[in-house]
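# Could you work out the structure for the sequence below:
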Amino acid sequence: MFLTGKFLQWPVPPPKETIPTTAIMQFNNIPLTTIFRQLEAREKIQALYDPALLKDRYFTGVYDSGKESLDDFLQTIAVLNNLQIRRSGDSLLISPDLYGTRPA
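Numbering: from 1, shown residues only. This is a model prediction of the structure:
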């Protein structure tokens, strides 16, 4: 089929916002609640915790997703703040580490 002088146009959807697959997130004395909110947005996870548990808890450090896994980064936060962080699907369950258990 030939069309003369006419072009077919399909609507072009606007480009979707893309998030880079690797990211470097730097934290300088940032409240843990803020860090977990940022991780929720970036990693498409949900952090479940009692806000009182994280009150007055801060973190200084770097998360480089190209060099360490999210689980490793979360373990660092957990050890430094005497927390237990368990993943269940897309959820993070954050609780106090009552027994001082840490991975060997």
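# Pull the contacting residues for Gly66.
By Cβ atoms under 8 Å, 6 or more residues apart in numbering, Gly66 lies in contact with Thr22, Ile24. Just so you know, the C-beta spots here come from the backbone N, C-alpha and C atoms, and that holds for glycine as well.
# and the gap between it and Ile24?
Counting by Cβ to Cβ, to the nearest Å, the gap from Gly66 to Ile24 is 8 Å.
# which SS class is Gly61?
strand (DSSP: H, G, I helix; E, B strand; the rest coil).
# and it, what pLDDT?
Looking at Gly61, its pLDDT reads 95.
# If you count neighbours, what's buried in stretch 78-93?
By neighbour count on 16 or more other Cβ atoms under 10 Å, the buried set for stretch 78-93 is Ala78, Asn81, Leu83, Ile85, Leu92.
# how about these, which pair is most distant?
Asn81 and Leu92 (13.5 Å; Cβ to Cβ).
# which one among the buried residues of stretch 78-93 gets closest to Gln46?
Top of the list for closeness to Gln46, among those and by Cβ to Cβ, is Leu92 at 7.0 Å.
# Okay, and the beta partners of the closest one?
Beta-bridge pairing for Leu92 (DSSP bridges): Ala47, Arg87.
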